[in-house]
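*Asks:* Okay, sequence plus prediction incoming.
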Amino acid sequence: MILVLRALGVGDLVTAVPALRALRAAYPSRELALAAPGWLAPLVDLVGGVDRLVDTAGLDRPLRVGSAPRVAVNLHGRGPQSHRLLAATRPGRLLAFASPDAGCADGPRWAVDEHEVDRWCRLLSWYDIPADRADLSLRRPGAAGLPSGVTVLHPGSKIPAKRWPAERFAALARALTDQGHRVLLTGSADERVLVARVAEAAGLGSDAVLAGRTDLGALAALVADARLVVSGDTGVAHLATGYGTPSVVLFGPVSPAHWGPPPDRPRHRVLWAGEADWPRWDGVGSHPTMAALRLDEVLAAVAEVERVVRVSGAVAA
């Protein structure tokens, strides 16, 4: 068995797809078990190549994997806690970044300023396992009974600092509706109040609010067949990258150099206010780097993405 730890969220899983595919290719006859939260199961199926999902939420409980794995791979973090969690399964070999605190002298050094996709590809490359950083495409999900060709706006984020102001999302929804887009608003069940407020301010009916009404598989299907996705730095943005769905991603305060879509894919546009000397943030509402992004900038990015789609036709980027 090859055991891989990635006990995080949607975006984290999608950015690990090239590494997971590389491990599948390196060990074609071995069971590949992924330790990740169980609610990610629909998305894990769309990654392909994973034989078993080990339901793992966080790092505070032992991994229940049965027999000791032949190889354990830490795609979770730099250690030491994640290293120790995998070491407790008594693997024949541990592939991980060097962590002296965890007694792991082997492996490459962790680099802070690195794109998340490149991080895990570099880790495997150090162990002579080649990984293609461009191998991000997800399998198409089955029909979920949701409309296709819609524009998906995702106002929420589990990190409030990464949310673009709700009133600007509402203004964006109004402007896009006036341009002929059918706008639907997504979010988690916890974000339903926020999303409903955006819909009301935008003059959209309750049928436009999908927050809390779609599971992960249905959300993936919606994004895969969407006309456009506009969101902050969230899992939905990574799904758009995985499906080549045109997208505009609003970043702040974290640089898109770490989590943004690949820069060589013209169907995706990133907006970021940069690392200027911003006003001191009081921890309430959107971070100043998000509040600095203007509606006209977002609309211009949408127009540019749609122009690229028209020019390129149906060829996915």
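*Replies:* Arrived safely.
*Asks:* Which parts of the stretch 201-317 of the chain are helices?
*Replies:* 216-224, 235-243, 256-259, 288-291, 295-312 (DSSP state H, counting those that start in this stretch).
*Asks:* Name the residues of the third one that are buried.
*Replies:* By neighbour count, with 16 or more other CB atoms under 10 Å as the criterion, the buried positions of helix 256-259 are 256, 258, 259. Every C-beta, even on glycine, is put in place using the N, C-alpha and C of the backbone.
*Asks:* picking up where we left off before, just put the helices of the stretch 201-317 of the chain in JSON lines and tack on mean pLDDT.
*Replies:* Listed next are the helices of the stretch 201-317 of the chain as JSON lines, based on pLDDT from 0 to 100:
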{"stretch": "helix 216-224", "mean pLDDT": "95"}
{"stretch": "helix 235-243", "mean pLDDT": "96"}
{"stretch": "helix 256-259", "mean pLDDT": "91"}
{"stretch": "helix 288-291", "mean pLDDT": "88"}
{"stretch": "helix 295-312", "mean pLDDT": "94"}
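*Asks:* on that earlier part again, redo the buried residues of helix 256-259 as JSON lines? Include distance to residue 229.
*Replies:* As requested, these are exported to JSON lines (distance: CB to CB, whole Å):
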{"residue": "256", "distance to residue 229": "15"}
{"residue": "258", "distance to residue 229": "20"}
{"residue": "259", "distance to residue 229": "15"}
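*Asks:* pLDDT weak spots in this protein?
*Replies:* Scanning the chain for pLDDT under 70 picks out 276-279, 281-284, 314-317.
*Asks:* before we move on, back to that, and which of the buried residues of helix 256-259 is nearest to residue 306?
*Replies:* residue 256 (20.3 Å; CB to CB).
*Asks:* Residue 13 reaches residue 39, doesn't it?
*Replies:* No - using CB atoms under 8 Å, residue 13 makes no contact with residue 39, being 11.0 Å away.
*Asks:* which one of those two has more residues nearby?
*Replies:* residue 13 (25 against 13; other CB atoms under 10 Å).
*Asks:* Could you list every helix and strand that whichever helix or strand the more buried one is part of packs against?
*Replies:* Secondary structure assignment for residue 13, by DSSP states H and E: helix 10-15. In terms of contacts (3 or more CB pairs under 8 Å, 6 or more residues apart in numbering; DSSP states H and E), helix 10-15 is packed against helix 41-47, helix 116-126, helix 235-243.
*Asks:* In the second one, which residues are buried?
*Replies:* Judged by neighbour count (16+ other CB under 10 Å), helix 116-126 contains these buried residues: 116, 117, 118, 119, 120, 121, 122, 123, 124.
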